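Q: Just a sequence and a predicted model for now, questions to come.
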Amino acid sequence: MNKSGLIEALSKKENLTEKKAIDVVNLIFKGFTDTLKKGGRIEIRGFGSFVVRNYEAYTGRNPKTGKNIKVAPKRLPFFKVGKELKSKVDKKK
């Protein structure tokens, strides 16, 4: 499912106009983004949690040229699956 699929499903399920569904989805995504940018954590019980992980600088290799390059430190979002979602996905059919 992608963002437009989520908007369509929300619109149909909750009988919302497409504009209202877009506003709701964008509001949720903006809240998630703002929280992660501030270094916060998002936890959705039964689904999983999002955190920001800090990565140190390191020396990498350019695969095209083979030369060593310095990779700057970075912060990236990380998703950890919740137990409930994990067990639902892993159930045998």
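A: Happy to help now that I have it. Residues are numbered from 1 along each chain as shown.

Q: how about the helices in this structure?
A: 3-13, 18-37, 83-90 (DSSP state H).

Q: how about these, which one is nearest Arg61?
A: Arg61 lies closest to helix 18-37 among these, at 29.2 Å (Cβ to Cβ). Where you see a C-beta, it was placed from the backbone N, CA and C, and this is true even at glycine.

Q: Which strands or helices does the closest one pack on?
A: helix 3-13, strand 42-44, strand 48-55 (3 or more Cβ pairs under 8 Å, 6 or more residues apart in numbering; DSSP states H and E).

Q: Turn these into TSV, including mean neighbour count.
A: Shown next, in TSV, are these (neighbours: other Cβ atoms under 10 Å):
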stretch	mean neighbour count
helix 3-13	14
strand 42-44	13
strand 48-55	13
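
Q: Listing request: residues of the chain with sub-threshold pLDDT.
A: 92-93 (pLDDT under 70).

Q: Return the set of residues that bridge with Tyr58.
A: Val71 (DSSP bridges).

Q: From Phe78, how far out is Ala72?
A: 18 Å (Cβ to Cβ, to the nearest Å).

Q: Those two: who's more crowded?
A: Phe78 (11 against 8; other Cβ atoms under 10 Å).

Q: Give the closest residue to that one in space, chain neighbours not counted.
A: Arg53 (4.7 Å; Cβ to Cβ, 6 or more residues apart in numbering).

Q: Run through the residues that contact the spatially closest residue to Phe32 that is not a sequence neighbour.
A: Leaving aside its chain neighbours, Phe32 sits nearest to Ile42 (5.7 Å; criterion: Cβ to Cβ, 6+ apart). Ile42 makes contact with 32, 35-36, 49-51, according to Cβ atoms under 8 Å, 6 or more residues apart in numbering.

Q: From Thr65, how far off is Ile42?
A: Ile42 is 39 Å from Thr65, by Cβ to Cβ.
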